[in-house]
Structure formats: structure tokens, C-alpha cells
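Q: Sequence first, then the predicted structure, then my questions.
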Amino acid sequence: MKSRISRRPTHGRVTAQDVADRAGVSLTTVSRAFRPDLPVSKKTRALVQNAASELQYAPNMAARALAGRRSHLIGLLVNNFDDPENLELFRFVSAEAQKRGYHALLLNIAQEGQQVESVDAALQYQVDGLLVSASRLPESLVQRSAELEKPIVIVGRRTRRTEYSAIYCDNFAGAAAVADYLYQENYRRPAFIGGRADATVVKERAAGFVRQVEKLYGFQPLTRMAGANDYENGLRVVSELLELPKAPDSFFCSSDLLAIAASDAISRHGFEVVPKVVGFGGTLLSRLAAYNFPTVQMPFETMVSAATSHLVDLVENIETGPREMVFPCKLVFGLNR
């Protein structure tokens, strides 16, 4: 538990975050403690109420009244509308939401600099809850969702924030399976191509691949980050590696989109022995006849259906606590997978 302080905040208006800091609890707990209809232990409720009294904090009842009216809308918050994984996610979110009497919105959030504005823009739709696929969870979103009592479920990646549910696939094991495959197929100069270096899924896929390559080959693979999960950056990075005197003979890419970029870079070089490309995701891109590379297939439908159903349960108070669910993923081959 965080240490408590005795002085009043000096930054102006007292917020729910100040109460959380004083009480040593999460923002979500503060929000729930002011709701008599939600289960919170007597000790925790008293702790929060005492902290609020010390700080002379009064909850925003107007905001709570708005939060209490269900819109039957849920949002999927992403960083990039163009990412095929996000479109695949949204397809299954929409289908599962409709089964529960809800509609889904696909919402974009800025990566840097404009996060407060983009969070406010997302929340203006009065969604009842949010599925977050964005690579980072903005603090402004944490603050505003707690104030408005909007539940959040992280989908597609793990999170260090224990107050939120996280539902994702085992990126580490899936990446390790790629290293096993390349080793068994006698590829001897493997390389890893990632998108954003700070994205949780990229770090996990890189770690799983690198560790297994070290175990099997006795050395670390070449690793390059494109800086973003997009075609142009992937094409540039792979093209640079292909110019090396001993170019990689295989590429494991952290997404199917980067795998397509790698395939195109290779085709432009005209190799006699074509390097192998493996993707991650199992999106529709990986099944295009012009490419048809092996990929680690994420269980999109199962994973997203579970996340969406859990979010609706949180909205309707059927469930009250955070959950963590990890689904297996598998390396697949061919058009008919």
C-alpha cells in the first residue's frame, strides 16, 4: 500500500486521483467506494471516505448521473485505424456486442502529445465501457474513466495495472514456436522485425523469439525495430538487412503487415534462394494468395468474444473484479487454415 501524506494537494482542485493517492488505493476503488450499490469492504470504504474528508473532496454527482445512464455503446480504443489487427478485432467486438444488445464504436487515440484531447473526444460518445487495444494506456484515460465510472478491459496484451482486466494470447510461446520451426527447417541466419519498440506485444514477441534462438542456435538473432507497425517502415528496415554481406535467410515479423513488407522487399532483390518470412496475427493479410506465408495465428474470435462479454458483465455489474485470461496461439501454414 502506498504511504499516506497529510498535506492537501497544491495543484488546485482536488481530484479522485488525490483521494486514491492519500488512501493508497486505485482510482477504480475510489470510484466504487462512493457507490453504495457496489461491493467494497467496510475497511476500504472507510479508508477512502476518510481520505476524501481530509482533502475536502466531493465526488462530481453530475458526472455520476451521466455515467449511470447506459448508452449501450462500447468502444474499442486503438492507436491506428489502418492496422489490420485492429480491424480484425473490431469485427469480432461488433459481433459479440450485438449478441448482448450493445453496439461497438472504433475509436482512435493519439500516440503522443494530444492524448488528453483524443481521450475526451473518445469519451464524448458516452460509451458504457472501453476495450483498449492501444499499445499504451494514457493516464488521462485512467483518470477520466474512473471519474465517469467507465470499466476498461485491455485486449490483446497484458498490463501492469492490476485494477484492469487483461485478455490476450501467449505472445512469448507463439514467438518461440517460430524459432523452433526455422531451426527445424535448417534456416541458419534468423532475424526479427518489430514495429514499435515500446509496444508490449512487440517486446513479448521479440523476447520469446530471441530466447529460443539463443537456446537452439547459441547466438542472438538480428533484431530491428521499424518504429511503427506499417508497410513503408517495414519495407525500409528489411531492405537494409538484405544489403548485408551475410543477409538473414529468414525473417520473423511481429505482425502480418510487416511480413508483407518483408516479402515485397525480398521479391525486389531477386534472390535465387528466397529467405523465409513468418508473420504474427493470422489476419486476412496472411491468407492473400500472393503471399500466403506461415503466421502465428491469434485466436481473435475466442479472445475478443471473451473480452467483450466480460466488459459487458462489468458494465452491468454481473462481474465486479478484474480478470486475466491468456489464450494459446499456434503457427499455421497454407491458404486453408
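A: That came through, no problem.

Q: for stretch 100-111, which positions count as buried?
A: Judged by neighbour count using 16 or more other CB atoms under 10 Å, the buried positions of stretch 100-111 are 102, 104, 105, 106, 107, 108, 109, 111. (Glycine included, C-beta is placed from N, CA and C.)

Q: Which of those fall within strands?
A: 104, 105, 106, 107, 108 (DSSP state E).

Q: Out of the residues you listed, flag the one nearest to residue 285.
A: residue 106 (18.1 Å; CB to CB).

Q: And that closest one, how close does it get to residue 92?
A: 12 Å (CB to CB, to the nearest Å).

Q: Then residue 183?
A: Counting by CB to CB - residue 183 and residue 92 are separated by 33 Å.

Q: which residues in the chain form helices?
A: 16-23, 27-33, 42-55, 61-67, 84-99, 115-123, 139-147, 171-184, 200-217, 231-242, 256-269, 300-315 (DSSP state H).

Q: Quick one: residues in contact with the second one.
A: Contacting residues not belonging to helix 27-33 are listed as 16-17, 19-20, 23, 25, 38, 40, 44-45, 48-49, 142-143, 146-147, 149, 163-164 [CB atoms under 8 Å, 6 or more residues apart in numbering].

Q: coming back round to it: could you provide the helices of the chain in CSV, with additional columns for mean neighbour count, distance to residue 328 and mean pLDDT?
A: Shown next, in CSV, are the helices of the chain (neighbours: other CB atoms under 10 Å; distance: least, CB to CB, whole Å; pLDDT from 0 to 100):
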stretch, mean neighbour count, distance to residue 328, mean pLDDT
helix 16-23, 22, 36, 83
helix 27-33, 23, 29, 76
helix 42-55, 16, 36, 82
helix 61-67, 12, 36, 49
helix 84-99, 19, 17, 87
helix 115-123, 17, 31, 65
helix 139-147, 19, 29, 71
helix 171-184, 21, 7, 98
helix 200-217, 20, 13, 96
helix 231-242, 18, 26, 96
helix 256-269, 22, 18, 94
helix 300-315, 21, 10, 92
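
Q: Residue 250 is nearest to which of those helices?
A: Taking the helices of the chain one by one with CB to CB, helix 171-184 is closest: 5.0 Å.

Q: and the closest one, what other elements does it pack with?
A: In terms of contacts (3 or more CB pairs under 8 Å, 6 or more residues apart in numbering; DSSP states H and E), helix 171-184 is packed against helix 200-217, strand 250-253, strand 276-281, strand 295-297, strand 330-332.

Q: what would these look like in a markdown table with distance to residue 263?
A: Output for the helices and strands packed on helix 171-184, formatted as a markdown table (distance: least, CB to CB, whole Å):
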| stretch | distance to residue 263 |
| --- | --- |
| helix 200-217 | 18 |
| strand 250-253 | 9 |
| strand 276-281 | 5 |
| strand 295-297 | 12 |
| strand 330-332 | 17 |
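
Q: quick one, which of the ones you listed is nearest to residue 55?
A: Using CB to CB, these put helix 200-217 closest to residue 55, at 33.8 Å.

Q: Am I right that residue 227 is in contact with residue 195?
A: Yes: using CB atoms under 8 Å, residue 227 makes contact with residue 195 at a distance of 7.4 Å.

Q: list the contacts for the nearest residue to residue 225 once chain neighbours are set aside?
A: Among residues not flanking residue 225 along the chain, residue 197 sits closest, at 4.3 Å (CB to CB, 6 or more residues apart in numbering). Neighbour list for residue 197: 203, 225, 227 [criterion: CB under 8 Å, 6+ apart].

Q: now the farthest one out in the chain, which residue is it?
A: What lies farthest from the middle of the chain is residue 272; by CA atoms, centre = their mean that is 38.9 Å.

Q: Return the distance of that one relative to residue 153.
A: 49 Å.

Q: before we move on, what about residue 103?
A: 17 Å.
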